[in-house]
Each structure stands twice: as structure tokens, then as C-alpha cells.
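[1] With the input below, show me the fold.
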Amino acid sequence: MKDDHAMDLQLLLFAKTHEWLRLDGDVATIGISDFAVQSLTDLVYIELPQPGRVLKAGEVFGEVESVKAASDLYSPVAGTVVESNTKLAEDPAQLSASPYETGWLIRLKVSLPVSRAGLLDAEEYKRLCATESH
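    Have a look, this model is predicted:
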């Protein structure tokens, strides 16, 4: 999993649309999974929202483009964007190199309480990816 070996995937929740989230108090760091990054290959462009944007759970917040496809990014939880990883716009390859660490996409101040409904733990997500890779 590249340089993300230090990241404990058991601390993450995953959406079926391949976004992950890590909660730290009332702030959620959100990114896309290594499975999604590997499926896209050769990333060329990432569009992320400005801080202050309010998102609903399941709402499109940006887009990632590769040489073979463009994919919408969905917020797994509701909240207000407090930070976007602007370094990814300059160097999308960081997302491929480290999707769980330096390749995070946005940070949200979540609308509490956070519902786990529709989110998967690491084992459930691993099983989902296994069915999609066939």
C-alpha cells in the first residue's frame, strides 16, 4: 500500500463509492481509497471545494480525473469544509503515492452526530473491493 503502511486502516470508515474518512473529534479527514486510486491510474487533475462549503452526506464535492476516466468525489458525512488539500491540485501524483496520508482530499467539521449508516469498516470494504475487481 505504498508509504501508507503506518496508517491503521482499522481506524477508517469507507463509503461504497470508495471514499474513506477518519474522525478526530468533530473533524473528518476524507480521501479516496488505494483501490480507487489504482483503478483510476495516472491521475492528471483534482478539483476540490473551497473552505466554508457546506456538504450533505452523499453530495458530490469534487472530481478526480485520470488519463482514462473522470470520477466524482462524494462526501461520506455531512459537514462544512475547513480545509482542502491544495497540494494535490499542483501534484495529483501525491494522491497515488499516499492515498491515506499525504493524499487526503478535504477536512470537514462534521455535523454531529455522525451516522455510520451506509459506511463500511475496513473488513467490509475489503470484501466490497474483492467483488468489484472480478
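[2] Could you work out the end-to-end span of stretch 61-77 for me?
    Here the two ends of stretch 61-77 are set 11 Å apart, with distance taken as C-alpha to C-alpha, to the nearest Å.
[3] Outside of it itself, which residues are in contact with it?
    Applying C-beta atoms under 8 Å, 6 or more residues apart in numbering, the set of residues contacting stretch 61-77 from outside is 13-15, 17, 19-21, 28, 30, 32, 36, 40-49, 53, 55-60, 81, 92, 95, 105-106, 108, 110-111, 114-115, 118-119. Backbone N, C-alpha and C define where each C-beta goes, glycine included.
[4] which one is the residue most central in space within the chain nearest to, not counting chain neighbours?
    Most central residue of the chain, judged by C-alpha distance to the mean C-alpha position with C-alpha atoms, centre = their mean, is residue 31 at 2.0 Å. In this structure, residue 31 finds its nearest non-sequential neighbour in residue 104, 4.4 Å apart by C-beta to C-beta, 6 or more residues apart in numbering.
[5] ok so, going back, state the distance from the residue nearest to the centre of the chain to residue 41.
    Relative to residue 41, residue 31 is positioned 17 Å away (C-beta to C-beta, to the nearest Å).
[6] same thing with residue 22?
    Counting by C-beta to C-beta, the separation of residue 22 from residue 41 is 25 Å.
[7] Specify which residue of these two has the higher count of neighbours.
    residue 22 (18 against 11; other C-beta atoms under 10 Å).
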